[in-house]
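Visitor: Fold the following for me, if possible:
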Amino acid sequence: MSEILLKVENLQTWLGSGEHPVRAVDGIDLQIQKGETFALLGESGCGKSMTALSLMRLLPPAGRIVGGDVYLGKTALLELPEYAMREERGGRMAMIFQEPMTSLNPVLTIGRQIGEAVKIRDGGDRRAVAQRVVELLHSVGIPDPVRRVGEYPHQLSGGMKQRVMIAMALAGRPELLIADEPTTALDVTIQAQVLALLKELQQQTGMAILLITHDLGVVAEVADRVAVMYAGQIIEQASRDRFFDNPQHPYSRKLFQSLPDAGKRSRRLAVISGNVPPLNQVFTACRFIDRCDRAFEDCEMAPGWTELAPGQGVRCHLAGFQDAVSIVELPEVEHAPVNAGSSPGSNQEPLLQVEQLKVHFPIHKGVFKRTVGHVRAVDGISLSIDPGKTLALVGESGCGKTTVGKGILQLVRPTAGTVRFAGDEMTRLKGSALRSRRSALQIIFQDPVASMNPRMLVGDIIEEGMKAQRIGRTAEQRRARVTELLGQVGLPDDSASRYPHEFSGGQRQRICIARALAVDPKLIICDEPTSALDVSVQAQILNLLKMLQNSRGLAFLFITHNISVVAYLADEVAVMYLGRIVERGEVGQLLAAPRHPYTQALLSAVPVADPRSKHEVIRLEGDMPSPANPPAGCHFHPRCPFAMPRCRERYPDLNRLGDGRQVSCYKVEQEEA
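Guide: Numbering: from 1, shown residues only. Coordinates of the predicted model:
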């Protein structure tokens, strides 16, 4: 049996000092062995990150550890004075935080920030420190490390910044690396690179990893053992294979059924009703009782921990009774006929037709702000969407997806091209004519918090668009409409008199959907509306969008990098790379057999929530080039494993293949000839 590196016994961390402190971590036990990857899985607010901060003793001012023991090897971490804990923190144990940009100092170079960590651990003169910094950057796969040493965080991509954070963590040669959602904000291609890097470093150094995440696909890819956390407690623990083969807790099972995929297109996704209960209370019943569809009388008493096998256990009264916790399949969704002849062969005019759309931003330099170049954010794309249909626009961050949406809405004026919506040429409309037409086109932004005024009541936020578009003759009619919309998106009537901060992330996104629906749109642009949400909340939003589409005949342009969401929701997919569409086709066809090398790499990098799924990840070298200086010829050729001499000379046309899809690739042209 492997040696235990980290041992946590009955750890309790509270926030606040009043009569009802928040019991963020409420008596957890776990063990991590040397060289293994231990995944801590759960919804936002369940206490995962607070557990990590407790282990590092980096709690916020209001936090305090009120009980328990933490041993790193034979060292009792909670008994160490702060000066001794500093030797452990960043030395034998290190942490990678969720958002690298907020963890890096924007006014210090990368080399200096890593150098500070090296000096603390290794000492040595300036030359030795500089050499060690270059070694660390090289070890985490950053190209040209000697040049990168002098760059600042803003000059690096998201994946590069995360690699720098890993390099800083490795400076102390840690035995335990705590990774708090290290890939949440990254694209699937960059995520695959970071996960592969962590695996490689683990094999080289023998360190253990505590991986905190809510992504079941990531857990399936890298974890050895899994613990599920809920409301401050660990409710299930098992080896990875046992957990994915047969999860024991009803909460764990619901998480799996909440995952979207192509096989669930005809029915609603399973959802977990309600929210995680407030943690400022002493629990006497099962913490999941109000959300569990298998609760019974015994659940009024808090369940104890049941050991099912060595290394496997569950906190549930139904432990071991398989039939009792089986989850009933949800009924299929009734697909009401929408206001669209939606068959591919329909002669109906598209609702939206975009031709050769370009959005270029000038680059100014010098005292007189001369234009010295352009950022080609969108560089000639064409697409169309039929009424009642969903087109998914996918690609890496920085490829221009969001700018496409803003260009269609005329929130950013296009440099060239046409945007024809329901017979109107949007690029020619101005002033009041454009404002009145916008009622038919709405957008749901990625971050609901940033897109709502925190000083306005929810009712006023939803009503604002109706006032601007003169919908509703009286205030009473508009208020009645607000109440109706809140009901449609599954929020209580009293939500109108509350502020945005009083709602959870999923509820805030529902408010944004209600605001978009208030002006009776025909097309909604959804810009990553589920990227910041947990799996169960994501399922609620996807069910809602599909229900609204079926009942109202809405069309969606769904901007995302979540391929499982695309498989569940979309009718067609357009893959974007550096301002241009490189492949477009029907969703089942494109996801099953991608043709463009970039699409193949993108889909191969998607983590699958099945540890037995053996799929080869196509590694792309480097990062996406800058849209201010795109490569000559095909923009993808510097990263393409199949690049030919002609790929460097001229950009390939977007050609229609025999199966109906469109692909921009010389290799595919040769194969079709």
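
Visitor: what separates the closest residue to residue 586 other than its chain neighbours from residue 602, distance-wise?
Guide: Nearest non-adjacent residue to residue 586, counting by CB to CB, 6 or more residues apart in numbering: residue 572, 5.9 Å away. Every C-beta, even on glycine, is put in place using the N, C-alpha and C of the backbone. Going from residue 572 to residue 602 by CB to CB, to the nearest Å gives 16 Å.

Visitor: Surely residue 20 is in contact with residue 280?
Guide: Yes: using CB atoms under 8 Å, residue 20 makes contact with residue 280 at a distance of 4.2 Å.

Visitor: of those two, who's got more company?
Guide: residue 280 (15 against 11; other CB atoms under 10 Å).

Visitor: Surely that one and residue 19 touch.
Guide: No: Residue 280 is beyond contact range of residue 19, at 9.1 Å (criterion: CB under 8 Å).

Visitor: Following the chain onward from the helix or strand of the chain with the lowest mean pLDDT, which element is next?
Guide: Lowest mean confidence among the helices and strands of the chain (mean pLDDT, DSSP states H and E): helix 100-103, at a mean of 74. Counting by DSSP states H and E, the element after helix 100-103 in chain order, helix or strand, is helix 110-122.

Visitor: Which strands or helices does that following helix pack on?
Guide: When contacts are defined as 3 or more CB pairs under 8 Å, 6 or more residues apart in numbering; DSSP states H and E, helix 110-122 packs onto helix 126-139, helix 158-170.

Visitor: Flag every buried residue along that helix.
Guide: Judged by neighbour count (16 or more other CB atoms under 10 Å), helix 110-122 contains these buried residues: 110, 111, 113, 114, 115, 116, 117, 118, 121.

Visitor: how close does residue 61 get to residue 80?
Guide: Residue 61 sits 20 Å away from residue 80, going by CB to CB.

Visitor: neighbour-wise, which of the two wins?
Guide: residue 80 (17 against 6).

Visitor: ok, now which ones touch that one?
Guide: residue 88 (CB atoms under 8 Å, 6 or more residues apart in numbering).

Visitor: Quickly note the distance from it to residue 118.
Guide: From residue 80 to residue 118 the distance is 23 Å (CB to CB).

Visitor: What is the neighbour count of the closest residue to residue 45 other than its chain neighbours?
Guide: Distance criterion CB to CB, 6+ apart; nearest residue to residue 45, sequence neighbours excluded, is residue 276 at 5.0 Å. Neighbour count of residue 276, defined by other CB under 10 Å: 21.

Visitor: neighbours around residue 40, how many?
Guide: 27.

Visitor: Looks like residue 650 contacts residue 635 (just checking).
Guide: No: in this structure, residue 650 is not within contact of residue 635 by CB under 8 Å, at 11.6 Å.

Visitor: higher neighbour count, the two?
Guide: When residue 650 is set against residue 635 and neighbours are counted by other CB under 10 Å, the residue ahead is residue 635, at 25 against 11.

Visitor: how near is that one to residue 603?
Guide: Residue 635 is 19 Å from residue 603, by CB to CB.

Visitor: Residue 597 is in contact with residue 665, isn't it?
Guide: Yes: in this structure, residue 597 is within contact of residue 665 by CB under 8 Å, at 6.8 Å.

Visitor: Stretch 295-303: how far from the chain's middle?
Guide: 34 Å (CA atoms, centre = their mean, to the nearest Å).

Visitor: Alpha carbons only: can I get that stretch in PDB?
Guide: Only the C-alpha atoms of stretch 295-303 are listed here, as PDB (Å, rounded to 0.1, in the frame of the first residue of the first chain):
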ATOM      1  CA  ALA A 295     -36.000  10.900   0.600                       C
ATOM      2  CA  PHE A 296     -38.000   8.900   3.200                       C
ATOM      3  CA  GLU A 297     -38.600   9.000   7.000                       C
ATOM      4  CA  ASP A 298     -35.100   8.100   8.100                       C
ATOM      5  CA  CYS A 299     -33.700  11.100   6.200                       C
ATOM      6  CA  GLU A 300     -35.000  13.300   9.000                       C
ATOM      7  CA  MET A 301     -31.900  12.100  10.900                       C
ATOM      8  CA  ALA A 302     -28.500  13.000   9.700                       C
ATOM      9  CA  PRO A 303     -26.900   9.900   8.000                       C
END
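
Visitor: how about it: buried residues?
Guide: 295, 299, 303.

Visitor: what's the answer for stretch 604-619, then?
Guide: Here stretch 604-619 shows 604, 605, 606, 607, 608, 609, 611, 617, 618 as buried, counting by 16+ other CB under 10 Å.

Visitor: ok, so of those, who is nearest residue 230?
Guide: residue 609 (18.4 Å; CB to CB).

Visitor: Dihedrals phi and psi, the closest one?
Guide: Residue 609 has phi and psi values of phi -80, psi 60 when expressed as degrees, to the nearest 10.

Visitor: Was I right to think residue 119 contacts residue 130?
Guide: No: Residue 119 is beyond contact range of residue 130, at 10.8 Å (criterion: CB under 8 Å).

Visitor: other SSEs contacting the helix or strand containing residue 407?
Guide: Assigned by DSSP H and E, residue 407 belongs to helix 401-409. Using 3+ CB pairs under 8 Å, 6+ apart, the elements in contact with helix 401-409 are strand 352-365, strand 370-385, strand 390-394, strand 416-421, strand 441-444, strand 523-527, strand 555-560.

Visitor: Let me see the mean pLDDT of it.
Guide: Mean pLDDT, helix 401-409: 93.

Visitor: CA atoms of it as PDB?
Guide: The C-alpha coordinates for helix 401-409 follow below in PDB (Å, rounded to 0.1, in the frame of the first residue of the first chain):
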ATOM      1  CA  LYS A 401     -17.200  34.500 -31.600                       C
ATOM      2  CA  THR A 402     -18.500  37.200 -29.400                       C
ATOM      3  CA  THR A 403     -17.600  39.900 -31.900                       C
ATOM      4  CA  VAL A 404     -19.700  38.100 -34.500                       C
ATOM      5  CA  GLY A 405     -22.700  38.300 -32.100                       C
ATOM      6  CA  LYS A 406     -22.100  42.000 -31.500                       C
ATOM      7  CA  GLY A 407     -21.600  42.700 -35.200                       C
ATOM      8  CA  ILE A 408     -25.000  41.000 -36.000                       C
ATOM      9  CA  LEU A 409     -26.700  43.100 -33.300                       C
END
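
Visitor: Touching that helix from outside, list them.
Guide: 352, 354, 357, 359, 377-378, 381, 393-395, 412-414, 419, 421, 426, 438, 441, 443, 525, 527, 557, 559, 576.
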